[in-house]
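# quick check, what structure comes out for this input:
(chains A, B, C and D)
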Protein chains: 2
Amino acid sequence: MSETAANVEPIGKREKTKVANRQAILIAARAVFAELGYEAATVRDIIRGTDLASGTFYNYFKSKEEVFDALADDGARRFRPILRMARENAKSFEDYLHSAFVAYFHFIVQDNQLEGRPIEERRPHILRMDTPEMTAVYQEVRQSLEDAIAHGDAPHVDADYLACACIGIAQEVGSAMLRRSPHDIDAAADFVTGLLLKGLAGASR
Amino acid sequence: MSETAANVEPIGKREKTKVANRQAILIAARAVFAELGYEAATVRDIIRGTDLASGTFYNYFKSKEEVFDALADDGARRFRPILRMARENAKSFEDYLHSAFVAYFHFIVQDNQLEGRPIEERRPHILRMDTPEMTAVYQEVRQSLEDAIAHGDAPHVDADYLACACIGIAQEVGSAMLRRSPHDIDAAADFVTGLLLKGLAGASR
DNA sequence: CACAAAAGTGACGAAACGTCAATTTGCGAC
DNA sequence: GTCGCAAATTGACGTTTCGTCACTTTTGTG
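Residues are numbered from 1 along each chain as shown, chains lettered A, B, ... in the order given. Reported below is the predicted structural model:
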């Protein structure tokens, strides 16, 4: 302990500007996608939003597409611990489902605060579900569901299909919720939780 | 009836080549997207797949993006009557749900027969749900659900959310099914139908 | 057949792409 | 501190794609 408890990350300036530049590109990209829409945006538009030169962009990303994937991946990375906490703090399976959906709906509301073009145009047309962090989120969901099944809180169902169903429901109902105002996060979460646990009978108010 | 019952469509050569050219572009685009992936494909790649000149492309579409939307729209247009038949022939609400899912899963299996790049890369990243035919499919689903509710076959739930949930489930579970082989259409349809009608309890085998 | 309107053509300027030789910056050795 | 090397940045450059438009060809009509 001769070194004080100072910085656990003895980061040099090299690495520091590297993360800073990467971050600057991502932030600029997010703004550009929101303002011009994903399709219309160009790599040049993105770097214009930073103080970097055009060539530098290619030190960090191969293409606009890769930038978007990185943004999506970052979102998933930020969401994962939230999801994990929902699991660890849940008092029951129903409680887990409900708080996980609340967390997700809350997350996407936050994530779309930026003004600009309609949300659909901000992104490429089909969302890749196969980036590393996206896969991790899927695994997290699936694991929770398998645990619940093993623990007797849920019947023996196909955990893969069930995880996909949960994610599909979250995405589509989440989008529908974003289209309404005000955003009724709790109502949406109640709806989907009831639907999953008891089927249609459970989805009514 | 002095005119013979001849051709109900007095189509001149003008209109005929117009539809033919449009179709040629769509077919070439489908092949190009499958081979190169949507992002990598260029407008030039697409017209190279036809015997048209580059300028002609822009008589039909404004951009690669618009071509994709037209392809998606065509898919929805082809699927809609299938969905309608499922509704009209259904003997019960459960029967409707099941046959609608079977029809959708069958449809996407057919629609991805082409070899080439992985399916995720064939399309832009996020699927627009706001093209005319896509909206019509959504309305069709929602209408069926509202009818079922009014007819007492389903409880009083938020039909918008329910329609979105059904579509989200269909998309995600459908993708999961495509990843498996052989494609177990009936198993998947049983799963989602049970899930919707009885919740988790109904989704087990 | 003649003529007008519609559609097709491909060359062209503009714009974006991705690369790379030259330059600047960071870091350890002395 | 400063020297030297490696890593990172820069922006100009050749290349590719874009979208347009003046011109040609095709189609329908009188």
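
# and residue A:162, that's in a helix?
Yes. Counting by DSSP: H, G, I helix; E, B strand; the rest coil, residue A:162 is located in a helix.

# what helix or strand is the closest residue to it other than its chain neighbours located in?
Counting by CB to CB, 6 or more residues apart in numbering or on different chains, residue A:145 is the residue found nearest to residue A:162 once chain neighbours are left out, at 5.4 Å. The C-beta positions use only the backbone N, C-alpha and C, and glycine is treated the same way. In the assignment (DSSP states H and E), residue A:145 maps to helix A:132-150.

# name the surrounding residues that touch that helix.
A:72-77, A:79-80, A:83-84, A:87, A:93, A:96, A:100, A:128-129, A:154-157, A:159-160, A:162-163, A:166-167 (CB atoms under 8 Å, 6 or more residues apart in numbering or on different chains).

# try it again at 6 Å.
A:73, A:76, A:77, A:80, A:83, A:87, A:93, A:154, A:156, A:159, A:162, A:163 (CB atoms under 6 Å, 6 or more residues apart in numbering or on different chains).

# go ahead and confirm the first one touches residue A:79.
No. No contact is recorded between residue A:73 and residue A:79 when judged using CB atoms under 6 Å, the distance being 10.7 Å.

# tell me, how many residues neighbour the residue in chain A that DNA strand C sits nearest to?
Nearest to DNA strand C, among the residues of chain A, is residue A:12, at 2.4 Å (CB to the nearest atom of the strand). Applying other CB atoms under 10 Å in any protein chain shown, we find 8 residues neighbouring residue A:12.

# next up, the contacts around it.
Taking CB under 6 Å, 6+ apart, one finds nothing in contact with residue A:12.

# longest helix in chain A, by number of residues?
When chain A is parsed with DSSP state H, its longest helix is helix A:64-89.

# please point out which parts of that helix sit buried.
A:64-65, A:67-73, A:75-76, A:79-80, A:83, A:86-87 (16 or more other CB atoms under 10 Å in any protein chain shown).

# of the contacts of helix A:132-150, closest to residue B:28?
Among the contacts of helix A:132-150, residue A:73 lies closest to residue B:28 (CB to CB), at 33.0 Å.

# and the helix holding residue A:145, what's buried?
Buried residues in helix A:132-150, counted by 16+ other CB under 10 Å: A:133, A:134, A:136, A:137, A:138, A:140, A:141, A:142, A:144, A:145, A:148, A:149.

# want to throw these into JSON lines with distance to residue A:173?
Converted to JSON lines, the buried residues of helix A:132-150 look like this (distance: CB to CB, whole Å):
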{"residue": "A:133", "distance to residue A:173": "22"}
{"residue": "A:134", "distance to residue A:173": "19"}
{"residue": "A:136", "distance to residue A:173": "22"}
{"residue": "A:137", "distance to residue A:173": "17"}
{"residue": "A:138", "distance to residue A:173": "18"}
{"residue": "A:140", "distance to residue A:173": "19"}
{"residue": "A:141", "distance to residue A:173": "15"}
{"residue": "A:142", "distance to residue A:173": "19"}
{"residue": "A:144", "distance to residue A:173": "19"}
{"residue": "A:145", "distance to residue A:173": "18"}
{"residue": "A:148", "distance to residue A:173": "21"}
{"residue": "A:149", "distance to residue A:173": "23"}
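
# please identify the helix or strand for the closest residue to residue A:65 other than its chain neighbours.
Sequence neighbours aside, residue B:39 is the residue nearest to residue A:65 in space, at 4.9 Å (criterion: CB to CB, 6+ apart). Counting by DSSP H and E, no helix or strand carries residue B:39.

# before we move on, what about residue A:191?
Applying DSSP H and E, one finds residue A:191 within helix A:185-198.

# and that helix, what's buried?
For helix A:185-198, burial by neighbour count (16+ other CB under 10 Å) applies to A:185, A:188, A:189, A:190, A:191, A:192, A:193, A:194, A:195, A:196, A:197, A:198.

# any idea how far that helix is from the chain center?
Offset of helix A:185-198 from its chain centre (CA atoms, centre = their mean, to the nearest Å): 20 Å.

# what pLDDT is listed against the spatially closest residue to residue A:94 that is not a sequence neighbour?
Distances taken as CB to CB, 6+ apart put residue A:197 closest to residue A:94, at 6.0 Å, once the chain neighbours are dropped. According to the prediction, residue A:197 has pLDDT 91.

# again, but for residue A:10
58.

# go on, residue A:122?
Residue A:122 is assigned 80 on the pLDDT scale.

# perfect, I'm done here.
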